[in-house]
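Visitor: Give me a 3D structure for the following:
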Amino acid sequence: MTLPLRRLFLLTALPGLVAMSTQAQAQIRAQTLAQDYECVMDAARIIALSARTPGVLEEVLVEKGQRVAKGDVIARTDGSMERAALKILKTRAASTAAIEQQTARLGFAQAQLGRAEQLAKQNAQSVVKVEELRYEVSLATSQLQQAKADLASAQAEAERAEIAIENTNIRATVSGVITEVSLSAGEYVTADRHVAILAQTDPIHVDAFLPAEDFPNVRPGLPVVIRPELPLGSSIAGKVLSVDPLFDAASRTFGIRVALANADNAIIGGQRCTLTLGG
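Guide: Numbering: from 1, shown residues only. From the prediction side, this is the model:
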């Protein structure tokens, strides 16, 4: 039986149509990845550095544009009261006089009790005296324990005073560049009044917004090429760090982010760029 011509044509042409469709999809995807998108290059984090405890600024050690390393002291508040308190507490924490005194008292009481118990066995000492000496031993033991507890408390207080002094130091929480110095020595600083602004420049984050239609083609790890405004003609290879899981309903776009290593500070943040997907 001979198949109808129309059906025969469809059966013959179908593999070719499927191949054309797959090839067309690949071409569309390649065209999508080859498109350029506007992007912005900026610091990974912008941090407002403020004091952990309020006080008068004793000194500010940085200037605008200065690069700092993580942990560097950028300013200090007045810590004269904390330093004076630490001297007193360290003296108390170093003294073992009370423990030595109570140890000696306990040893004396135990020796007296031992002699009294020996005499009591020989009926040469009253039971009442033995009980009194046992009470003295118990009291001396308790007072020795209290002296040890007082020493431990003094040591803990000294440690707390050291923390209070450390809290007068305002330190850089990451490595980066100081972009603003807001207060000067002599001004009062609180948690709400930052001393300086610190920009983390390693890595540099590149943010771009792509049309929703491109979402199926973009995944974390996808190679990209970044072309910044400056230096002119330069390009930087990178990979997509993250893809927003939600669209912006108003603009029908979604965001992507690329992180560029910048240990040598060669990449200038705060500028526009062009991003090409696919590398």
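Visitor: ok, now how distant is residue 43 from residue 142?
Guide: 61 Å (Cβ to Cβ, to the nearest Å). No exception for glycine: its C-beta is placed from N, CA and C like everyone else's.
Visitor: These two: which has the busier surroundings?
Guide: residue 43 (21 against 12; other Cβ atoms under 10 Å).
Visitor: Dead centre of the chain: give me the residue that sits there.
Guide: A centroid search over the chain (Cα atoms, centre = their mean) returns residue 173, at 7.2 Å, as the residue closest to the centre.
Visitor: ok, now how distant is the nearest residue to that one once chain neighbours are set aside from residue 162?
Guide: Take residue 173 and drop its neighbours on the chain: the residue closest to it by Cβ to Cβ, 6 or more residues apart in numbering is residue 47, 5.9 Å away. Separation of residue 47 from residue 162 (Cβ to Cβ) stands at 25 Å.
Visitor: Please identify the buried residues of the strand or helix carrying residue 143?
Guide: Using DSSP states H and E, residue 143 falls within helix 127-166. Within helix 127-166, the residues scored as buried using 16 or more other Cβ atoms under 10 Å are 130, 133, 136-137, 140, 143-144, 147, 151, 154, 157-158, 161, 164-165.
Visitor: before we move on, what about stretch 238-249?
Guide: If you call a residue buried by 16+ other Cβ under 10 Å, then stretch 238-249 has these buried ones: 238, 240-241.
Visitor: now swap in stretch 49-68 and tell me
Guide: Using 16+ other Cβ under 10 Å as the test for burial, stretch 49-68 gives 49-51, 55, 57, 60, 62, 68.
Visitor: just the helices in this protein please.
Guide: 5-34, 80-94, 97-121, 127-166 (DSSP state H).
Visitor: Can you tell me which of the buried residues of stretch 238-249 end up in strands?
Guide: Among the buried residues of stretch 238-249, the members falling in strands (DSSP state E) are 238, 240-241.
Visitor: export the residues you listed to TSV and tack on pLDDT?
Guide: Output for these, formatted as TSV (pLDDT from 0 to 100):
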residue	pLDDT
238	96
240	97
241	97
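Visitor: between these, which is closest to residue 189?
Guide: residue 241 (35.1 Å; Cβ to Cβ).
Visitor: can I assume that closest one is in contact with residue 218?
Guide: No - with contact defined as Cβ atoms under 8 Å, residue 241 and residue 218 do not form a contacting pair (11.6 Å).
Visitor: which residues of this structure score low on pLDDT?
Guide: Scanning the chain for pLDDT under 70 picks out 1-34, 279.
Visitor: Quickly note the distance from residue 259 to residue 200.
Guide: Relative to residue 200, residue 259 is positioned 11 Å away (Cβ to Cβ).
Visitor: what's the distance between residue 154 and residue 98?
Guide: For residue 154, the distance to residue 98 - Cβ to Cβ - is 10 Å.
Visitor: re earlier: of residue 259 and residue 200, who's got more company?
Guide: residue 200 (21 against 16).
Visitor: so who does that one touch?
Guide: Contacts for residue 200 (Cβ atoms under 8 Å, 6 or more residues apart in numbering) come out as 43-47, 174-176.
Visitor: Check residue 186 too.
Guide: The contact partners of residue 186, taken as Cβ under 8 Å, 6+ apart, are 56-57.
Visitor: switch to 10 Å and redo it
Guide: Neighbouring residues of residue 186 by Cβ atoms under 10 Å, 6 or more residues apart in numbering: 56-60, 78.
Visitor: can you tell me how far the nearest residue to residue 86 once chain neighbours are set aside sits from residue 96?
Guide: Excluding the flanking residues, the one nearest residue 86 by Cβ to Cβ, 6+ apart is residue 161, at 4.0 Å. For residue 161, the distance to residue 96 (Cβ to Cβ) stands at 19 Å.
Visitor: hang on, the earlier thing: anything in contact with each of residue 259 and residue 200?
Guide: By the contact definition Cβ under 10 Å, 6+ apart, residue 259 and residue 200 are jointly contacted by residue 44.
Visitor: so what strands line up beside the lengthiest strand in the chain?
Guide: Under DSSP E, the strand in the chain containing the largest number of residues is strand 196-211. Applying DSSP bridges, strand 196-211 is found paired with strand 36-49 (antiparallel), strand 176-181 (antiparallel), strand 253-260 (antiparallel).
Visitor: can I get the ones you listed in a markdown table with distance to residue 114?
Guide: Converted to a markdown table, these look like this (distance: least, Cβ to Cβ, whole Å):
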| stretch | distance to residue 114 |
| --- | --- |
| strand 36-49 | 65 |
| strand 176-181 | 70 |
| strand 253-260 | 75 |
